[in-house]
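Peer 1: Coordinates only, no sequence provided:
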Ligand SMILES: [Zn+2]
């Protein structure tokens, strides 16, 4: 069992990397999706997670690790995973290592998507979405034919409330704060692969595959 951990700020193109690695046989594990599934099934872990989230708290490390444990224990020995959103704390990273060791697995590498804040702000604050068909545009890089109007639907495009500049900056700060200890942890283990994510989607994809594909 092998694992790749994906670290990167919102807007750095984690989806692109996940797609590229899915093509190489990696199963994409999103902790957000796992949590929603456990909550939907009302498992003990799901109920505990929900109780914390309802109070505006982070989901406790032992709940998150418990979820990952049950996923890995039921996986094939040869399976390859891409972890997105896990580990998120040092405790989670340490427990993850123990868990992999007990299953004779290992982390192949940690992809660190690096992208300057101003690039991310420009990417996300320029994003516009069609409420009807879900098409995503960008005011500068992928504009519709008519200003702020969906090409297919002809309706007005909307900006997601958390895509405004202030909120994006706040999200980037939270990301940097929470991720810094993980970066040091994996750097000390020589596992970090920094990827310049300010380039085009195609360039980011080939850089990732060159290093880890
Ligand atoms: Zn549309």
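Peer 2: Looks like it arrived, so ask away. Computed from a predicted model, the values in this text were never measured in an experiment.
Peer 1: quick one, phi/psi of residue 158?
Peer 2: Backbone geometry at residue 158, expressed as degrees, to the nearest 10, gives phi -120, psi 160.
Peer 1: Tell me how far it lies from residue 36.
Peer 2: From residue 158 over to residue 36 the distance is 24 Å, taken as C-beta to C-beta, to the nearest Å. Every C-beta, even on glycine, is put in place using the N, C-alpha and C of the backbone.
Peer 1: Against which helices or strands is the strand or helix carrying residue 62 packed?
Peer 2: For residue 62, the host element (DSSP states H and E) is helix 61-73. Helix 61-73 is packed against helix 31-41, helix 44-54, helix 90-102, with contacts defined by 3 or more C-beta pairs under 8 Å, 6 or more residues apart in numbering; DSSP states H and E.
Peer 1: and the lengthiest strand in the chain, what does it pack onto?
Peer 2: The longest strand of the chain (DSSP state E) is strand 106-114. Helices and strands touching strand 106-114, by 3+ C-beta pairs under 8 Å, 6+ apart, are strand 2-7, helix 14-22, helix 90-102, helix 165-188, strand 192-196, helix 201-212.
Peer 1: list the buried ones in the last one?
Peer 2: For helix 201-212, a neighbour-count test (16 or more other C-beta atoms under 10 Å) marks 204, 205, 207, 208, 212 as buried.
Peer 1: What ranges in the chain fall below the confidence cut-off?
Peer 2: The chain contains residues with pLDDT under 70 at 213.
Peer 1: Would you tell me which residues of the chain are close to the ion?
Peer 2: With C-beta under 5 Å from the ion as the criterion, the chain comes near the ion at residues 130, 132, 133, 135, 150, 152, 153.
Peer 1: which among these end up buried?
Peer 2: Neighbour counting by 16+ other C-beta under 10 Å classes 130, 150 among the residues of the chain next to the ion as buried.
Peer 1: can you pull the contacts of the residue positioned nearest the centre of the chain?
Peer 2: For the chain, residue 84 is the residue whose C-alpha lies nearest the centre (C-alpha atoms, centre = their mean; 4.1 Å). By C-beta atoms under 8 Å, 6 or more residues apart in numbering, residue 84 lies in contact with 6, 14, 18, 28, 29, 30, 31.
Peer 1: go again using 10 Å as the cut-off
Peer 2: Taking C-beta atoms under 10 Å, 6 or more residues apart in numbering, we find residue 84 in contact with 4-8, 14-15, 17-18, 21, 28-33, 111.
Peer 1: Buried subset of these, written for PyMOL?
Peer 2: Those of those that count as buried under 16+ other C-beta under 10 Å are selected in PyMOL with:
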select buried, resi 4+5+6+7+8+14+17+18+21+28+29+30+31+111
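Peer 1: Next, work out how far apart the residue nearest to the centre of the chain and residue 123 are.
Peer 2: Separation of residue 84 from residue 123 (C-beta to C-beta) stands at 18 Å.
Peer 1: and what of residue 183?
Peer 2: Separation of residue 183 from residue 123 (C-beta to C-beta) stands at 22 Å.
Peer 1: More neighbours: which of these two?
Peer 2: Between residue 183 and residue 123, residue 123 has the larger neighbour count (other C-beta atoms under 10 Å), namely 20 against 15.
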